[in-house]
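K.L.:
Next one to model:
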Amino acid sequence: MSIRTLSVPRVSRNGGVLRACVGLALVSLLLFGLGYSLLATGIGRLLFPHAAGGSLIQRNGQVVGSSLVAQPFAADRYFQSRPSASHYDPMALAGSNQARTNPELRRRLDQARAAVAAREQVDPGTVPGDLITQSGSGIDPDISPAAARLQLARVARARGIAASEVERVLRAHSELPRFGRYGQARVNVLELNLALDALPTPDRVD
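P.N.:
Numbering: from 1, shown residues only. Next up is the predicted model:
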């Protein structure tokens with residue numbers, strides 16, 4: 001009888017610990033896994049609706065892209081984005097993962113530099129690094145102002161407008177480092193190209 005009386009509270013105590021663990025896990029999952037996510041998402045949509053929605057850009061009621069995601073542009077009338085190891089696929093974010101000592105990386109950079117120099121009709125030594133290197137994410141939407149200025153003459157020629165007009169739009173879409181000291185000056189390629197497409201009656205070059 002004494003053995004039975006000792007075994008009953010032991011089982012009860014273990015069952016209570018199990019129930020407490022399961023209860024804590026469920027409460028944590030619902031509170032921190034679901035509740036916190038819903039709360040943070042709701043606050044984000046309330047305070048920053050554009051950013052929370054993916055920073056989507058619309059033209060004529062159609063979504064044409066996101067200011068956070070780079071797109072490829074092939075036509076000469078457009079500024080070109082940085083190269084992408086993921087082919088600009090947001091679902092396959094990646095860099096090349098090639099070390100600086102990798103001969104294949106050096107060969108690819110040399111080829112890219114020569115291609116950009118030929119396209120822009122400039123000396124290969126003047127090509128900025130961000131026009132030949134791939135970002136870590138593969139979808140970096142920005143280029144440096146220097147990389148944009150290198151393409152300015154080609155874009156103006158292809159559009160048949162004055163280079164000064166393209167430069168005006170470029171300056172308007174150039175962003176300085178945040179608070180004047182954090183990050184780098186940059187130009188969002190998609191927003192810049194859309195602004196050029198939206199020019200009402202551009203000045204034609206004679």
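
K.L.:
ok, which stretches of the protein are strands?
P.N.:
With DSSP state E applied, the chain shows strands at 56-59, 62-66, 142-143, 174-175, 186-188, listed in chain order.

K.L.:
Domain map for the chain?
P.N.:
Domain ranges of the chain: 2-49, 55-197, per automatic domain parsing.

K.L.:
Would you format the strands of the chain as CSV with mean pLDDT and mean neighbour count included?
P.N.:
Glycine gets a C-beta too; all of them are placed from N, C-alpha and C. Converted to CSV, the strands of the chain look like this (pLDDT from 0 to 100; neighbours: other C-beta atoms under 10 Å):
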stretch, mean pLDDT, mean neighbour count
strand 56-59, 85, 13
strand 62-66, 87, 13
strand 142-143, 96, 24
strand 174-175, 93, 15
strand 186-188, 95, 21
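
K.L.:
Serialize those strands to TSV and add fields for distance to Gly160.
P.N.:
TSV is the format used below for these (distance: least, C-beta to C-beta, whole Å):
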stretch	distance to Gly160
strand 56-59	22
strand 62-66	23
strand 142-143	23
strand 174-175	23
strand 186-188	22
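
K.L.:
what's the closest of the ones you listed to Ser164?
P.N.:
Evaluated with C-beta to C-beta, the strands of the chain place strand 174-175 nearest to Ser164, the distance being 15.3 Å.

K.L.:
Sheet partners, orientation included, of that closest one?
P.N.:
The pairing partners recorded for strand 174-175 under DSSP bridges are strand 186-188 (antiparallel).

K.L.:
The partner strand: how far from the chain's middle?
P.N.:
11 Å (C-alpha atoms, centre = their mean, to the nearest Å).

K.L.:
Need the contact partners of it.
P.N.:
67, 79, 141-145, 147-148, 170, 173-175 (C-beta atoms under 8 Å, 6 or more residues apart in numbering).

K.L.:
Sweet, I'm off.
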